[in-house]
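Enquirer: Take a look and give me a structure for this.
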Amino acid sequence: MICRMSLMLEEISQQPEALARTIAGEQGKIAKLGATLRGRDIDLIVLVARGSSDNAALFGRYLLELTAGIPVSLAAPSVYTMYGRSLRLNRALVIGVSQSGEGQDINHVLESARKSGAFTIGITNEPTSSIVDFSDEVLLMHGGPERSVAATKTYTGQMLLFYMLAAQLSGNGQAPDFNIIPEHTARALEQQSTVAELVRRYVFMENCVVIGRGLNYANSYELALKLMETCYVVAERFSSADFLHGPLAMVERHFPIIMFAPPGRVLASATELMNRLVELRADTLVITADERIAGMATVAIRMPAEIDEILSPVPYIVPGQLFAALLAQSKGLDPDKPRSLSKVTRTL
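Expert: Model prediction:
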């Protein structure tokens with residue numbers, strides 16, 4: 001059993017301050033960037049990323065389409081790097097998302113997009129990294145060095161920058177007030193003792209499914225990734241809608257399901273699925289502020305009721321991050337040293 005405070009747990013705890021620094025450090029720059037972008041004829045946004053950054057980009061797709069009303073595509077970097085194709089992106093905004101800023105394939109896509117006439121933005125935690133050379137503007141996460149291999153504060157920092165960008169691109173007043181996110185995140189950290197108790201239930205878990213929908217769909221991908229890389233748990237991820245279209249067949253008694261279920265538009269879908277999971281006697285862990293679905297679940301992590309659904313993804317991933325870090329320790333694993341992995345992964 002590993003008793004020391006892991007780097008992963010330390011960095012999870014640093015998120016409220018890191019998010020507040022990002023708002024303070026980037027708000028002026030993003031306001032000017034917004035004026036530039038509103039002056040361009042942008043009819044498509046393309047996001048390019050890998051790993052946890054790709055999960056943040058998946059969130060960004062939902063948020064930007066909801067608030068800006070502009071279609072958003074997730075790029076396939078292999079189209080550029082493996083097949084040597086370039087796309088017509090002269091009316092596009094292309095955003096590369098990379099914690100280290102050194103992803104060769106991400107930078108290759110940005111370079112190609114800029115040559116085709118796109119406006120390019122790099123989102124990174126490293127102000128002197130290579131992504132700067134391929135971006136018309138760089139947005140920084142002010143998270144400080146992230147030493148844990150498993151990304152936590154850079155994931156939420158990337159999500160916050162998407163909120164800030166969405167506020168500038170919104171033409172319908174739908175952009176939420178992101179300034180409250182650091183406070184919501186601090187409240188979410190109060191769940192650490194609860195999570196530390198409940199991970200004992202899952203110490204022998206070898207596989208599971210993580211469910212999310214809408215704005216929290218990306219969190220299902222991110223938590224599944226954290227469980228795979230720190231706990232060596234085979235974790236599949238689905239939306240609550242997709243899970244009913246076939247994957248439900250694999251659920252049997254005590255099969256572990258983790259679900260993000262904030263109150264809001266997606267709660268009805270989550271409740272419908274939970275009804276079926278109760279019938280199948282699955283083991284369900286739900287992260288929610290809704291008392292009804294919490295009462296249906298095997299165990300629940302109760303979040304503050306005042307967190308609006310559109311602002312829920314950042315605070316709601318925090319109990320998931322804590323769950324992965326503490327479960328790894330309960331399994332006798334070191335979450336800071338996942339086997340076969342390094343902090344920066346370079347692919348083409």
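Enquirer: would Leu227 count as being in a helix?
Expert: Yes - the assignment for Leu227 is a helix, going by DSSP: H, G, I helix; E, B strand; the rest coil.
Enquirer: Just give me the neighbour total for Gln168.
Expert: 18 (other CB atoms under 10 Å). Quick note: C-beta positions are derived from backbone N, CA and C, even for glycine.
Enquirer: What separation is there between the residue of the chain positioned farthest from its centre and Ile293?
Expert: Most distant residue from the mean C-alpha position of the chain: Glu279, 30.4 Å away (CA atoms, centre = their mean). Distance, Glu279 to Ile293, using CB to CB, to the nearest Å: 15 Å.
Enquirer: how about the helices in this structure?
Expert: Taking DSSP state H, the helices of the chain run over residues 7-13, 15-38, 51-68, 77-81, 104-115, 153-169, 181-189, 192-198, 217-231, 240-243, 267-279, 291-296, 313-330.
Enquirer: Isn't Tyr316 up against Phe260?
Expert: Yes - assessed by CB atoms under 8 Å, Tyr316 is found in contact with Phe260 at 5.6 Å.
Enquirer: Distance to Leu93 and mean pLDDT for the helices of the chain - can I get that in CSV?
Expert: Formatted as CSV, the helices of the chain follow (distance: least, CB to CB, whole Å; pLDDT from 0 to 100):
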stretch, distance to Leu93, mean pLDDT
helix 7-13, 30, 97
helix 15-38, 6, 96
helix 51-68, 9, 96
helix 77-81, 17, 91
helix 104-115, 9, 95
helix 153-169, 9, 97
helix 181-189, 23, 98
helix 192-198, 38, 97
helix 217-231, 19, 97
helix 240-243, 28, 88
helix 267-279, 30, 95
helix 291-296, 37, 97
helix 313-330, 21, 98
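Enquirer: In a markdown table: the ones you listed, plus distance to Phe134.
Expert: Listed next are these as a markdown table, based on distance: least, CB to CB, whole Å:
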| stretch | distance to Phe134 |
| --- | --- |
| helix 7-13 | 27 |
| helix 15-38 | 16 |
| helix 51-68 | 15 |
| helix 77-81 | 12 |
| helix 104-115 | 4 |
| helix 153-169 | 17 |
| helix 181-189 | 28 |
| helix 192-198 | 39 |
| helix 217-231 | 24 |
| helix 240-243 | 34 |
| helix 267-279 | 39 |
| helix 291-296 | 44 |
| helix 313-330 | 27 |
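Enquirer: what about the closest residue to Arg147 other than its chain neighbours, how many neighbours?
Expert: The shortest distance from Arg147 to any non-neighbouring residue, by CB to CB, 6 or more residues apart in numbering, is to Leu7 (5.0 Å). Using other CB under 10 Å, Leu7 is surrounded by 19 other residues.
Enquirer: which ones are touching Leu7?
Expert: Shown in contact with Leu7 (CB atoms under 8 Å, 6 or more residues apart in numbering): Arg147, Ser148, Asp336.
Enquirer: how far away is Leu161 from Lys32?
Expert: Taken as CB to CB, the span from Leu161 to Lys32 is 15 Å.
Enquirer: More neighbours: which of the two?
Expert: Leu161 (26 against 11).
Enquirer: how far away is the closest residue to the more buried one other than its chain neighbours from Thr298?
Expert: Leaving aside its sequence neighbours, Leu161 sits nearest to Leu139 (CB to CB, 6+ apart; 5.0 Å). Distance, Leu139 to Thr298, using CB to CB: 40 Å.
Enquirer: Just confirm Glu146 contacts Thr154, I think it does.
Expert: Yes - judged on CB under 8 Å, Glu146 makes contact with Thr154 at a distance of 5.3 Å.
Enquirer: overlap in contacts of those two?
Expert: Joint contacts of Glu146 and Thr154 (CB under 8 Å, 6+ apart) are Gln99, Asn125.
Enquirer: I'm done for today, thanks for sticking with me.
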